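Novice: Have a look at this prediction, sequence included:
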Amino acid sequence: MFKNIPFHRVNWVTSSFLIGTLFLSLTAVPLYIWNFGLDWFQCALFFVMLCACGFSITLGYHRMFSHLAFRGHWSVRLFTLIFGAGAFENSALMWSCEHRTHHKFVDHDDDPYDINKGLFHAHVGWLMFKLRPVLTYENVTDLQKDKLVMWQHRHTQTIAVLVAFVLPAILGYAWDGWSAALGAFLIAGVARVVFLQHCTFCINSLCHWIGKRPYSSRCSARDSWITAVVTFGEGYHNYHHEFQHDYRNGVKPWQFDPTKWIIWTLNLVGLADNLRRVPSEKILLAELGEAQRRMETKLECPHLTDGARAYFTSAYERLQATATEWAQLKTAQMEITREMMGELREEVRHAIESLKLRDHELARVAPNA
Ligand SMILES: [Zn+2]
Ligand SMILES: [Zn+2]
């Protein structure tokens, strides 16, 4: 059973942590609940810690640090660095370095969590086995200039232990003594770390496995509301891989993307700015292009019945007509804009000229004015 495991490549520290915390969650946590029960405090603390650490990964590590999709106030950066460490997913610097590499080499050998190596590898196998070369951090030199990022990078493990285990235990003790402290350590600490880790690991595994590819079939990333629920809104991964600098993943109004809603709210209260958005026209063009590509693939299928072929041909022609109309409208719009810009430029030039003339007049009539 174990003969196929490449033991020489096992990352023992990471593997022991992942397996050890999972083991405790499946044994000690049910035992504690059996003996002491579960009150609302333990449930609330689990949920609060889950959200604080979870959004620190999606909003902080992912969208703010890895993709610079918006600029966060120092308090937002500090919060996400502290609670992001509590997710036990390494420092923001290392996370961003690996994630930027993932986007650059997606589905290829240099992709750290390449889905072509299997669902297990993309989910957790890449962490358990040392398949990757040593990181050089060449793609995160911008983040290395951030003092808060570098402070967190130097002390990640200490902050992680304090936030993930010590903080819940202290809060539990304050709530109801030693038994509540043990419960908080096990439930809001250990079980929450395991649950959250697997939620965010799903971004690398399930988001490249389940769902549709409405924006581009060039890579394996997919859009799915199921994975969006599990990953705090990161499930619209096909959109994300196509437009990685957009602060939104669920770009349609009905899509579940709580990370986007929080960024939008932070912007509203002045804690985030420079929110990057892809123009809706560009998004629609990507969808149109992908729909055309899908139709072409269907029409190339030799086993298509005559009825199906006629249906797909008419749909394809409708799409082509829409694309052509779009292009014509765009050209016409650009023409109009160009003309308007020309007129505007002329008006500005006249205004400047008349201003100069008046200045000249004034200087002549009242030389000392
Ligand atoms: Zn991805
Ligand atoms: Zn990303």
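Specialist: Sure thing, it's come through. Ligands and ions are numbered 1, 2, ... in the order given.

Novice: secondary structure element for the closest residue in space to Asn90 that isn't next to it in sequence?
Specialist: Distance criterion C-beta to C-beta, 6 or more residues apart in numbering; nearest residue to Asn90, sequence neighbours excluded, is Thr156 at 6.3 Å. Backbone N, C-alpha and C define where each C-beta goes, glycine included. Using DSSP states H and E, Thr156 sits in helix 147-161.

Novice: hey, where'd the strands end up in the chain?
Specialist: 71-72, 272-273 (DSSP state E).

Novice: Which residues does stretch 16-28 contact?
Specialist: By C-beta atoms under 8 Å, 6 or more residues apart in numbering, the residues outside stretch 16-28 that reach it are Phe88, Val124, Leu127, Met128, Leu186, Val190, Ala191, Val193, Val194, Phe195, Gln197.

Novice: Could you do stretch 312-326 as well?
Specialist: So stretch 312-326 is in contact with Leu285, Leu288, Ala291, Gln292, Met295, Glu296, Lys298, Leu299, Leu304, going by C-beta under 8 Å, 6+ apart.

Novice: Contact partners for the second one?
Specialist: It stands for Leu288. Per C-beta under 8 Å, 6+ apart, neighbours of Leu288: Leu319, Thr322, Ala323, Trp326.

Novice: Closest one of the residues you listed to Met150?
Specialist: Distance to Met150 across the contacts of Leu288 (C-beta to C-beta) is lowest for Trp326, with 47.0 Å.

Novice: okay, the closest one: pLDDT?
Specialist: Looking at Trp326, its pLDDT is 75.

Novice: okay, now it: neighbour count?
Specialist: 14 (other C-beta atoms under 10 Å).

Novice: Just the pLDDT at Leu131, thanks.
Specialist: At Leu131, pLDDT is 65.

Novice: typo on my end, it should be Trp126
Specialist: On the pLDDT scale, Trp126 gets 86.

Novice: my read: it touches Gly118, true?
Specialist: No. Contact between Trp126 and Gly118 fails when scored by C-beta atoms under 8 Å: they sit 10.1 Å apart.

Novice: For the helix holding Thr156, list the C-alpha coordinates in CSV.
Specialist: Taking C-alpha atoms only, helix 147-161 is exported to CSV below (Å, rounded to 0.1, in the frame of the first residue of the first chain):
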residue,chain,number,x,y,z
LYS,A,147,7.4,46.4,5.9
LEU,A,148,4.3,44.8,7.3
VAL,A,149,4.5,41.9,4.8
MET,A,150,8.2,41.3,5.6
TRP,A,151,7.5,41.5,9.4
GLN,A,152,4.8,38.8,9.0
HIS,A,153,7.1,36.7,6.8
ARG,A,154,9.8,36.7,9.5
HIS,A,155,7.4,35.7,12.3
THR,A,156,4.6,33.7,10.5
GLN,A,157,4.8,30.6,12.6
THR,A,158,4.8,32.5,15.9
ILE,A,159,1.8,34.6,14.8
ALA,A,160,0.1,31.5,13.5
VAL,A,161,0.3,29.7,16.8
